[in-house]
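[1] Here is a sequence together with a model predicted from it:
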2 protein chains.
Amino acid sequence: MADRFAEIESFVKIVESGTLSEAARRLNLSLAATSRRLSQLEQRLGVLLVRRNSRHLSLTEEGSLLYERAGQALLAIDDVETDVMRRATEATGLLRIVTTIGAGRTRLAPLFRDYATLHPDVAIHLETAQHATGIIEGGHDIAICFDPPPDSALMMKHLADNPRFLCASPAYLNRRGRPHRVAELSAHDNILVGEAQQEIWRALVGGDTGPRVTLSTNDAELARAWALDGAGIVIKSQWEVEDDLAAGRLEAILPDLRLPPSVIAALYLPGQAEAAKVRSCLDFLARHLRKGALMAA
Amino acid sequence: MADRFAEIESFVKIVESGTLSEAARRLNLSLAATSRRLSQLEQRLGVLLVRRNSRHLSLTEEGSLLYERAGQALLAIDDVETDVMRRATEATGLLRIVTTIGAGRTRLAPLFRDYATLHPDVAIHLETAQHATGIIEGGHDIAICFDPPPDSALMMKHLADNPRFLCASPAYLNRRGRPHRVAELSAHDNILVGEAQQEIWRALVGGDTGPRVTLSTNDAELARAWALDGAGIVIKSQWEVEDDLAAGRLEAILPDLRLPPSVIAALYLPGQAEAAKVRSCLDFLARHLRKGALMAA
DNA sequence: ATGGAATCTTGCGCAAAACGCAATCTAGCA
DNA sequence: TGCTAGATTGCGTTTTGCGCAAGATTCCAT
């Protein structure tokens, strides 16, 4: 089937121009093509739309009908297309964000409030979830999480480094003593969170023996609860435990140790890099997380 | 530029189907083409419309926007197109007719009233004009006239034959005598209407001398006025003079003479043969003019 | 855990269609 | 009668849109 849109578009332009030649000029099209489009439209609909000879044009009743109603519809399509296209350059609409950073929500929340103030046309919907899985199923634009696994289907933007510490509860440290050298760690009860931390531990204590692991889990909150309860030493990032450190519920150990930082990153779909609301929000986050926000804490 | 209509049509079908494959089936299109149309639409608008991986689809906000508004517009276009297409099979709408048959309007008027009664969905607009020229400029669907000259740009439908008579006013005939043989015509005052009648006269009286023409005009009404005024013998068709004959204002001469009849014909634009209202009206006229209507008078 | 089924994407070759050019035709006008 | 502006149509070229098939990804069942 021929291009219905182009046919009707040409027809409308012809009606508005009064001549095929003028319509052709406005359409940046040859007169021949314009003429043929009209003929094809008439043939497809099986009805004469424009009475014409070499000098005059006039609409049949069917032509008027089509012009009135289809012309409106075409304008509606143009409107919505430009509306949609504007989203590529102007940040507007609803930005749906999901984050797995439970403890960090106190960090993120005010940031998004600032962003929303700065961009009155963007509405923020912030969701928390256990797992960052399912940007697509959840209908989210951005996912913010710690140390996301590489995913070929998703874009990743590094937002900030999140320094890691060794820490434990004062009760535990009082009971088992405060380690002052790395080597002493082997004698302690160590809590392991996730797979990735195993390597950090191994690099820390050296050798192939590995740390003495009393408890391990994949749940960061669970590990925190153990640590608070005095179960042992755990690796935690600043965002996760800054409140506990400030309140004295946890104590940092060997603070001069430079552990590889946890990465705070945003995940988004490749195509969404074109959406202004996504781009502007990611830029905003990267800017405000990187400079000072973490250090100040 | 790509086919905007097909792009959006595919997009809407995808949204409504929930999967590309299903949409492809409904569109009678390959999956590949469907996928590409969506990609092209997104690329043209510069924005991601559908979040997708191999298993799940979900709309972005831009997608929802487009679906709501463009979907409506597409339906509107489908609607008006089917409306217009229906005109090819169902007689509906306004039928604009022009006729040059001044004296015959008393014949045509009741016929159109009957037609309108028979086709309640068709509204008739009947106009009279001096010349049948300008179907296009006047925006008419049908022109009805006597003996139209052949026009390659117009279709012609023969509606009925309109018998011709020689006639003159009783006053003239009383003064100059009633001819009983063709040969006597040469001695009479003859009124000539238009170019075509010259040949009829020539065939009638024979030879190359031609008739004795006292008055000639291209205006049928003018010729009628002369004849009524007793200026001479004129060739007139039944429609033009039946009232005058019935009222005794004119008298037929040599009624056995078979003059070539005048033709009552309809002119219309080639493309309009597809419009049901035009077709049905022409058929109706031909049927009712041919059988009986003329003879009965 | 591993293989299978369903789904989407993409490269490639082909065929259909749309375009522009130019010749032709028509109508109005000097 | 020739001239101009506009519309149609045949023809050759180019675009492009399509289907096929291979590849990739995800979910599910064994």
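    It's in.

[2] can I assume A:Gln40 sits in a helix?
    Yes - judged by DSSP: H, G, I helix; E, B strand; the rest coil, A:Gln40 forms part of a helix.

[3] so where's the stretch 101-250 of chain A uncertain?
    Residues of the stretch 101-250 of chain A meeting the criterion pLDDT under 70: A:103-104, A:131-133, A:205-211.

[4] how about the helices in it?
    Taking DSSP state H, counting those that start in this stretch as the criterion, the stretch 101-250 of chain A carries its helices at A:105-118, A:135-138, A:170-176, A:196-205, A:220-228, A:238-247.

[5] between the ones you listed, which one is nearest to DNA strand D?
    helix A:135-138 (6.9 Å; CB to the nearest atom of the strand). From N, CA and C alone the C-beta is placed, and that goes for glycine too.

[6] Could I get the CA-only coordinates of the closest one as CSV?
    Below are the C-alpha coordinates for helix A:135-138, written out as CSV (Å, rounded to 0.1, in the frame of the first residue of the first chain):
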residue,chain,number,x,y,z
ILE,A,135,14.2,-1.5,34.7
ILE,A,136,12.1,-2.5,31.7
GLU,A,137,9.5,-4.5,33.6
GLY,A,138,9.2,-1.8,36.3
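
[7] which bits of chain A sit near DNA strand C?
    Chain A has residues A:2-3, A:6, A:28-33, A:36-37, A:40, A:53-56 near DNA strand C, with proximity defined as CB under 7 Å from any atom of the strand.

[8] Make CSV out of the helices of the stretch 101-250 of chain A and add mean neighbour count and distance to B:Ala265.
    What follows is the helices of the stretch 101-250 of chain A, written out as CSV (neighbours: other CB atoms under 10 Å in any protein chain shown; distance: least, CB to CB, whole Å):
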stretch, mean neighbour count, distance to B:Ala265
helix A:105-118, 14, 76
helix A:135-138, 18, 69
helix A:170-176, 15, 111
helix A:196-205, 16, 92
helix A:220-228, 19, 92
helix A:238-247, 18, 91
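
[9] now the ones you listed as a markdown table including distance to B:Leu289?
    Formatted as a markdown table, the helices of the stretch 101-250 of chain A follow (distance: least, CB to CB, whole Å):
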| stretch | distance to B:Leu289 |
| --- | --- |
| helix A:105-118 | 78 |
| helix A:135-138 | 71 |
| helix A:170-176 | 112 |
| helix A:196-205 | 95 |
| helix A:220-228 | 94 |
| helix A:238-247 | 94 |
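
[10] Nearest to A:Pro261 among these would be which one?
    For the helices of the stretch 101-250 of chain A, the distance to A:Pro261 is smallest for helix A:238-247, at 8.6 Å, taking CB to CB.

[11] hmm, back to that, narrow the residues of chain A next to DNA strand C to those that are buried.
    Neighbour-count burial (16 or more other CB atoms under 10 Å in any protein chain shown) is assigned, among the residues of chain A next to DNA strand C, to A:3, A:6, A:29, A:37, A:40.

[12] Please report the distance of the third one from A:Gly138.
    By that I understand A:Leu29. 45 Å (CB to CB, to the nearest Å).

[13] Next: the second one.
    According to CB to CB, A:Ala6 and A:Gly138 sit 38 Å apart.

[14] Which elements pack onto the lengthiest helix in chain A?
    Looking across chain A with DSSP state H, the single longest helix is helix A:61-86. Using 3 or more CB pairs under 8 Å, 6 or more residues apart in numbering or on different chains; DSSP states H and E, the elements in contact with helix A:61-86 are helix A:4-17, helix B:4-17, helix B:31-45, helix B:61-86, strand B:93-99.

[15] Could you rerun that using 6 Å?
    For helix A:61-86, the elements it packs on are helix A:4-17, helix B:61-86, judged by 3 or more CB pairs under 6 Å, 6 or more residues apart in numbering or on different chains; DSSP states H and E.

[16] hang on, the earlier thing: taking the residues of chain A next to DNA strand C, tell me the two that lie furthest apart.
    A:Asp3 and A:Arg55 (28.7 Å).

[17] Any idea how many residues pack against A:Asp189?
    Number of residues near A:Asp189 (other CB atoms under 10 Å in any protein chain shown) recorded here: 18.

[18] surely it meets A:Thr214?
    Yes - A:Asp189 is within contact range of A:Thr214, at 4.1 Å (criterion: CB atoms under 6 Å).

[19] Mind listing the shared neighbours of those two?
    A:Gly232 (CB atoms under 6 Å, 6 or more residues apart in numbering or on different chains).

[20] related to what we said a few turns ago, tell me which of the buried ones among the residues of chain A next to DNA strand C is nearest to B:Ala265?
    A:Gln40 (30.9 Å).

[21] measure A:Ala266 to A:Thr214 for me?
    34 Å.

[22] Of those two, which one has the most company?
    A side-by-side neighbour count of A:Ala266 and A:Thr214, using other CB under 10 Å, places A:Ala266 first with 24 against 14.

[23] Show me the beta-bridge partners of the more buried one.
    A:Ile144, A:Lys157 (DSSP bridges).

[24] Could you list which residues are in contact with it?
    Here A:Ala266 is in contact with A:142, A:144, A:157, A:159, A:282 (criterion: CB under 6 Å, 6+ apart).
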